[in-house]
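J.: test case, fold it:
(chains A, B and C)
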Amino acid sequence: MGKSRYKLNEIYEKLLDAYSYQGWWPIINYKGEIPNKKGSIKGYHPNDYDFPRDNNEQFEIIIGTILTQNTSWLSVEKSLNNLNKIIDFTEGNLSLKFKELLETEEDLVKNAIKPAGYYNQKFVYLKNITDFYISLDGRKPGRSEVLSVKGVGNETADSILLYAYGMHEFVVDTYTRRIFVNLNYIDKKDSYIKIKKFFQHNFNGGVNEYQEFHGLIVEHAKHYYSKKPYGVDDKLLEEYKLN
DNA sequence: AACCAGGACGTGA
DNA sequence: TCACGTCATGGT
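T.: Numbers count the residues shown, from 1 in each chain, chains lettered A, B, ... in the order given. Take a look at the predicted model:
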């Protein structure tokens, strides 16, 4: 494990030194703040992995995973705050209240989530995942089970499992691909599952480290992998680049 | 004014 | 399987 030529744990430590704890997944009613964090100014809980603290926070994370598909977190935060004005996220059973709202106030919900984009699609996806969540009745879902929900693909599934359920599933996103393609650790044509397994086999860490690593990868990528050509100015991880 | 943002799905080869 | 078009608002 330590003799792998892929030094993922060293990279993890390097990113942690550079950016410190990211406090993913953000909770909109949490009062913690990280100054100068792009995409949001609050909701993160750095170096505190005891989340979600209740079922409503768990469901809020799940809503967020749908809304953030191909969209910036700032837009999602606006949508979540809009929804929070319609339904109190902190009282009662959020999933049941949300289901009721989805069924009776379609236009109201669509308008609320508009900032996150794709609001017609995401409205349907939210209905699907809400019904699924309620059907679980508190039970932890399996990966294939979550994947079967229309609107939940590989990344969203792993985000739900890792951040909402605290399960040991590595999340791969476009930023992960860009960084580690640039380091020649993976090929840009590799499938999601292949990359996920690559990280799970070569990165030694538990649930907390999986959560943190993904947040760090996103943070680092926002600095050096948002505009083409990706990563040419990435001095921080330069020493880990292969051939 | 293009381009991108914490993707997923349907379609046709 | 896989490449491609579609979904859509908002920031840079």
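J.: check contacts around the residue of chain A found nearest DNA strand B.
T.: Nearest residue of chain A to DNA strand B (C-beta to the nearest atom of the strand) works out as A:Gly153 at 2.4 Å. Heads up, the C-betas are built off the backbone N, CA and C, glycines and all. Applying C-beta atoms under 8 Å, 6 or more residues apart in numbering, we find A:Gly153 in contact with A:Leu147.
J.: name the residues of chain A found near DNA strand C, please.
T.: Within chain A, the positions near DNA strand C by C-beta under 7 Å from any atom of the strand are A:70-72, A:74-75, A:78, A:114-115, A:117-122, A:189, A:191.
J.: now, which of those lie within helices?
T.: Residues of the residues of chain A next to DNA strand C located in helices (DSSP state H): A:74-75, A:78, A:119-122.
J.: hang on, the earlier thing: most neighbours among the residues of chain A next to DNA strand C, which one is it?
T.: For these, the largest neighbour count, defined by other C-beta atoms under 10 Å, is 23 neighbours, found at A:Lys122.
J.: once you drop chain neighbours, what's closest to the closest residue to DNA strand C within chain A?
T.: Closest contact between chain A and DNA strand C, by C-beta to the nearest atom of the strand, is at A:Gly117 (2.5 Å). Nearest non-adjacent residue to A:Gly117, counting by C-beta to C-beta, 6 or more residues apart in numbering: A:Thr71, 5.1 Å away.
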